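Participant: mind looking at a prediction? Sequence and model below.
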Amino acid sequence: MDLVTVAELYRPRSRAEAHEALLAGAAPLAGGTALHGEAHVHPAGAAAPPGEDTPPFTALVDLLDLGWPDVEPLPDGGLRVAATASLRTVLDHPLTAELRPFLHDTFSCLLASWKIWARATWGGNLCAALPAGAGTAAACTLGAAAEIWTPDGDTRTIPAADVVLGPGRTSLAPGEILRSLLIPAGAGRARYAVRRHSLEPSGRSGSLVTGRLDPDGRCTLVVTAAVPAPHLLVWDAPPPPEVAAAAVRDLPHWHSDPQGHPSWRRHVSGIAALAVVVELSAPDTTEETPT
C-alpha cells in the first residue's frame, strides 16, 4: 500500500534527532512492512478501534539509520535484540541458535512470505500492537523485557507483555522509542510449545497459545490473537491440562474481528492450552539415554 500522505522522511544521526522527529509527529520506520501492509487512517490500520478520527501519516523517521547491532550478548548471559532486527536476521544469528526452533514456530504464525521475513522487524511487530502479532507472543513467552528510550535521554525497562495495551495501542509515550528486547539468560534451557488456530489455513491467527516450561518446573502460558492484549498465566508446576484449558477459557475479554467470533476464539484457545500443557509435560525425548 502506498503511503501517499507522507511528505517527509527524517534520517536521524543521533538518538536526540530521532526523539525530536517523533515528538514533531513523525511515525517510526524500521522494516516498514506494517506501514505498507495496512490502511493508515489510524496508525494500527485495520485493527484500529472503529470510529476514531486519527490524522494520516505525513512524516517518517528511519530508525535503521541509528545503526543498532542486531543481536548482542549481555554480561549475565542474556541477549539484547535490537528492535530494528528483522525476523530472518534474528533466526539466523548464531547467538539465537538455542531459541531458533521456538522462534521459527512462533514467527511462522505470521504466515508472511520470505520477503516479509527479511524486512519485518521483531520490535516493529510488537509496536504494531495487532492482537495476532506473533512477535508479541514470542517476546512474552521468552519472558523478554522491552528496553525503551525516553525523550529526556533516560531508559526505562518493562516486561514485553506490558507493551501492548490493546489493538493498535501500546504503553509507549509520545517520543519514546523501543530500543531492544532483552531476553533473559537461561531462556534457551526452557521447553516451548506453540498452538495456533485460524479460520483459514493461510489466514491471520484467530488464536495463538504459546507455553514455556522452565528447568525448575515453572510453567507459563501466553494467550494472544484471541484476546485484545497478551495474557499470561503462570503456575509453579505444569497444571493438569484440563485446569489450564479452564483457566484460559475463564479470561474475561475476547477479541472480535473478521478473524473469528469471541466464542469460537475462547473455545479453540482452551483446546490449544490443553495441547500446549500436554506437550510441555511429556518426557523429553531429546536427551540421550545411557547405554
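Facilitator: The structure has been received and is ready for your questions.
Participant: OK, contacts around Pro230?
Facilitator: 136-137, 140, 161, 164, 222-224 (Cβ atoms under 8 Å, 6 or more residues apart in numbering). Where you see a C-beta, it was placed from the backbone N, CA and C, and this is true even at glycine.
Participant: try it again with 7 Å
Facilitator: Applying Cβ atoms under 7 Å, 6 or more residues apart in numbering to Pro230 gives the contacts 136, 140, 161, 164, 222, 224.
Participant: now Arg266
Facilitator: Arg266 neighbours (Cβ under 7 Å, 6+ apart): 249, 254.
Participant: could I get the CA-only coordinates of the helix or strand harbouring it as CSV?
Facilitator: In this assignment (DSSP states H and E), Arg266 forms part of helix 262-281. The C-alpha trace of helix 262-281 is given here as CSV (Å, rounded to 0.1, in the frame of the first residue of the first chain):
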residue,chain,number,x,y,z
PRO,A,262,-15.1,-14.3,20.5
SER,A,263,-17.0,-17.5,21.5
TRP,A,264,-15.0,-19.5,18.9
ARG,A,265,-11.7,-17.9,20.0
ARG,A,266,-12.5,-18.8,23.6
HIS,A,267,-13.2,-22.4,22.7
VAL,A,268,-10.2,-23.1,20.5
SER,A,269,-7.9,-21.2,22.9
GLY,A,270,-8.9,-23.7,25.6
ILE,A,271,-8.1,-26.6,23.2
ALA,A,272,-4.7,-25.0,22.4
ALA,A,273,-3.9,-24.5,26.1
LEU,A,274,-4.6,-28.2,26.8
ALA,A,275,-2.4,-29.3,24.0
VAL,A,276,0.4,-27.0,25.0
VAL,A,277,0.5,-28.3,28.6
VAL,A,278,0.4,-31.9,27.4
GLU,A,279,3.4,-31.2,25.1
LEU,A,280,5.4,-29.4,27.8
SER,A,281,4.7,-32.2,30.3
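Participant: show me what contacts the nearest residue to Phe107 once chain neighbours are set aside?
Facilitator: Excluding the flanking residues, the one nearest Phe107 by Cβ to Cβ, 6 or more residues apart in numbering is Leu87, at 5.1 Å. Residues in contact with Leu87 (Cβ under 7 Å, 6+ apart) are 107, 117, 120, 122.
Participant: tell me which helix or strand comes right after whatever helix or strand the second one lives in.
Facilitator: Put plainly, it is Trp117. Per DSSP H and E, Trp117 falls inside helix 114-119. Using DSSP H and E, the next helix or strand after helix 114-119 towards the C-terminus is helix 122-128.
Participant: which neighbouring elements make contact with that next one?
Facilitator: helix 134-142, strand 177-183 (3 or more Cβ pairs under 7 Å, 6 or more residues apart in numbering; DSSP states H and E).
Participant: looking at those, which is buried most?
Facilitator: Across those, averaging neighbours per residue (mean count of other Cβ atoms under 10 Å) puts helix 134-142 on top, at a mean of 28.
Participant: and the helix or strand just after that one with helix 134-142, angle?
Facilitator: Using DSSP H and E, the helix or strand that follows helix 134-142 in sequence is strand 145-149. Calculated by axes from the mean of the first three to the mean of the last three Cα atoms, to 10 degrees, strand 145-149 forms an angle of 120 degrees with helix 134-142.
Participant: by contact count, what packs against whichever helix or strand comes after strand 145-149?
Facilitator: Counting by DSSP H and E, the next helix or strand C-terminal to strand 145-149 is strand 155-159. Counting contacts by 3+ Cβ pairs under 7 Å, 6+ apart, strand 155-159 packs against strand 145-149.
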